[in-house]
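1. sequence and predicted structure below; questions after.
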Amino acid sequence: MVGTPAAADVKLDVKNLAIHYGDTCALRDTSFQIRKNEIFGIIGPANSGKTSFLRAINRMDMFDDNMRIDGEILLDGTEVRNWRNVYALRRRVGVVFPLPVGLPLSIYDNVALSPRLAGTRKKADLDVIVERCLTRAALWDEVKDRLNSLGSLLSGGQQQRLTIARALSQQPDLLLLDEFSIAVDPVTTMRIEDVLKELREEMTIILVTNLVQQARRLADRTAFFLTGECVEVAETEDLFTGAVSDQRTSDYVEGRFG
């Protein structure tokens, strides 16, 4: 099992977190720490609280009056709800949701939007950012000759990769991925997974996935969520070799339910 990381190594500190939608509890009494520069996997069946956890990190409760968050989520020691400028928080926290959320802009402008908002104006600088982010999202070779075309005209899988490129263009130090590969073919998924392994050197990544083998390939440590409970957090390989503290974890990883 895993020990407690030193304070200097903690990127996200979750303390007694509970998330409710009205009278419905999506996540309860959850506490763990996520280290800097690790890929942290979260697995579990549907309706276990995985996406709600990501929404709480990025303050999506601001758009849902029915969502209530109790407890603490500290990003680099600061509670996310104490940020005076929530947009500054979101520039540090990139998010990719299961289905692509395209902007009504060209492919180029989809990726250049965040850098422009952050103050980058020179086209030469933007060109470098756009190419780098599209390359990392395994999309550059497919779109480099039509960057002025609408992003919404891309296929579903391409739009998802454009969403990933747009998230990377923020230069986040925390990247949240929620089932990113649902709309992406297996070959491209593997290419993106290789990029994520490289990005670990630059940022912390939280990977929510229903594909337990994807968590095994990518995550340094993994949390198992079940019906609103964080059952346990362990070194990922321990989850697949039976070194777990709760039989429900083994049952899920071995496919006995879920």
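-> Okay, I see it. Note that the structure is a prediction, hence the values are computed from the model and not measured.
2. may I have the helix or strand hosting A124 as PDB, with CA atoms only?
-> In the assignment (DSSP states H and E), A124 maps to helix 123-136. Extracted C-alpha coordinates of helix 123-136, given in PDB (Å, rounded to 0.1, in the frame of the first residue of the first chain):
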ATOM      1  CA  LYS A 123       1.600  35.000 -34.600                       C
ATOM      2  CA  ALA A 124       5.000  33.300 -34.700                       C
ATOM      3  CA  ASP A 125       4.700  32.400 -31.000                       C
ATOM      4  CA  LEU A 126       1.100  31.200 -31.500                       C
ATOM      5  CA  ASP A 127       2.200  29.100 -34.500                       C
ATOM      6  CA  VAL A 128       4.700  27.300 -32.300                       C
ATOM      7  CA  ILE A 129       2.100  26.600 -29.600                       C
ATOM      8  CA  VAL A 130      -0.600  25.400 -32.000                       C
ATOM      9  CA  GLU A 131       1.800  23.000 -33.700                       C
ATOM     10  CA  ARG A 132       3.200  21.700 -30.500                       C
ATOM     11  CA  CYS A 133      -0.200  21.100 -28.900                       C
ATOM     12  CA  LEU A 134      -1.700  19.500 -32.000                       C
ATOM     13  CA  THR A 135       1.300  17.200 -32.300                       C
ATOM     14  CA  ARG A 136       1.000  16.100 -28.700                       C
END
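3. next, the buried residues of that helix.
-> By 16 or more other CB atoms under 10 Å, the buried positions in helix 123-136 come out as 126, 129-131, 133-134, 136. Bear in mind the C-beta positions are built from the backbone N, C-alpha and C, glycine included.
4. quick check, nearest of the residues you listed to E38?
-> Here the nearest of the buried residues of helix 123-136 to E38, counting by CB to CB, is R136; it sits at 18.7 Å.
5. show me what contacts that closest one?
-> Shown in contact with R136 (CB atoms under 8 Å, 6 or more residues apart in numbering): 164-165, 168, 195, 199.
6. now with 10 Å, please.
-> Contact analysis of R136 by CB atoms under 10 Å, 6 or more residues apart in numbering lists 161, 164-165, 168-169, 191-192, 194-196, 198-199.
7. same deal with L226?
-> With CB under 10 Å, 6+ apart, L226 has these contacts: 43-45, 47-49, 232, 246, 248-249, 251-252, 257-258.
8. do you know how far it is from V244?
-> According to CB to CB, to the nearest Å, L226 and V244 sit 13 Å apart.
9. any shared contact partners between these two?
-> The overlap between the contact sets of L226 and V244 (CB under 10 Å, 6+ apart) consists of 232, 251-252.
10. can I get those residues in TSV with distance to E72?
-> Shown next, in TSV, are those (distance: CB to CB, whole Å):
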residue	distance to E72
E232	20
D251	31
Y252	27
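11. of these, select the buried ones using a PyMOL command.
-> Buried residues among the shared contacts of L226 and V244 (16+ other CB under 10 Å), as a PyMOL selection:
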select buried, resi 232+252
